[in-house]
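Peer 1: Below: sequence and its predicted model.
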Amino acid sequence: MLIRKKLKAVLISIADAAHNDSDVGVLDTLMYEHFNNVPRTEVNDYLFELKSYGLIEIYPKTSGVDYGLVNITKKGLQLLQDQNLKSDMND
C-alpha cells in the first residue's frame with residue numbers, strides 16, 4: 001500500500017512518539033503541536049484517513065480531558081517498515 005507523503009509524515013510522527021510500539025498511546029494534541037503549520041482540521045482529516053486504512057486507532061476525548069489518544073496499529077508499523085526497506089533499496 002502506498003500512502004501520500006503528508007499521511008506518511010503523520011504516521012511516522014505517531015510511530016516515533018510511540019517508540020514504534022502499538023500499545024503506546026500518543027496524545028492527539030502532540031500531533032497538532034508537531035504539525036502546527038497545518039490547520040487542526042487538516043490534521044484531523046489525516047488522522048481519520050489513516051484510521052480508515054487501519055493504520056491507526058483513534059480513541060476520542062473522554063469527559064474532563066482536553067485530548068484524545070492515537071495508537072499506531074501493527075499494520076501501520078508494518079507499512080512503515082516495508083516502505084523503509086523499499087526506499088533503502090532505491091537509494
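Peer 2: On my side now, so go ahead. Numbers count the residues shown, from 1 in each chain.

Peer 1: Please compute how far stretch 23-35 lies from its chain's middle.
Peer 2: Distance, stretch centre to chain centre, for stretch 23-35: 8 Å (Cα atoms, centre = their mean, to the nearest Å).

Peer 1: From start to finish, how long is that stretch in a straight line?
Peer 2: 23 Å (Cα to Cα, to the nearest Å).

Peer 1: Give me the buried positions along it.
Peer 2: The neighbour-count check on stretch 23-35 (16 or more other Cβ atoms under 10 Å) flags 25-26, 28, 31-32, 34-35 as buried. All C-beta atoms are positioned from the backbone trio N, CA, C, and that covers glycine.

Peer 1: where does the most centrally placed residue in the chain land in three-state SS?
Peer 2: Central residue of the chain (Cα atoms, centre = their mean): L11, 3.2 Å from the mean position. At L11 the chain is in helix, as set by DSSP: H, G, I helix; E, B strand; the rest coil.

Peer 1: pLDDT score assigned to it?
Peer 2: Note for L11: predicted pLDDT of 94.

Peer 1: ok, now the one 3 residues further on?
Peer 2: Per-residue confidence (pLDDT) for I14: 95.

Peer 1: how close does the residue nearest to the centre of the chain get to D66?
Peer 2: 24 Å (Cβ to Cβ, to the nearest Å).

Peer 1: Check L77 too.
Peer 2: Distance from L77 to D66, by Cβ to Cβ: 28 Å.

Peer 1: who's more crowded, these two?
Peer 2: Taking other Cβ atoms under 10 Å, L77 and D66 do not tie; L77 has more neighbours (18 against 8).

Peer 1: Show me the buried residues of stretch 23-35 that map onto helices.
Peer 2: Under the assignment DSSP state H, the buried residues of stretch 23-35 contribute 28, 31-32, 34 to helices.

Peer 1: so which of those residues comes closest to P60?
Peer 2: D28 (9.3 Å; Cβ to Cβ).
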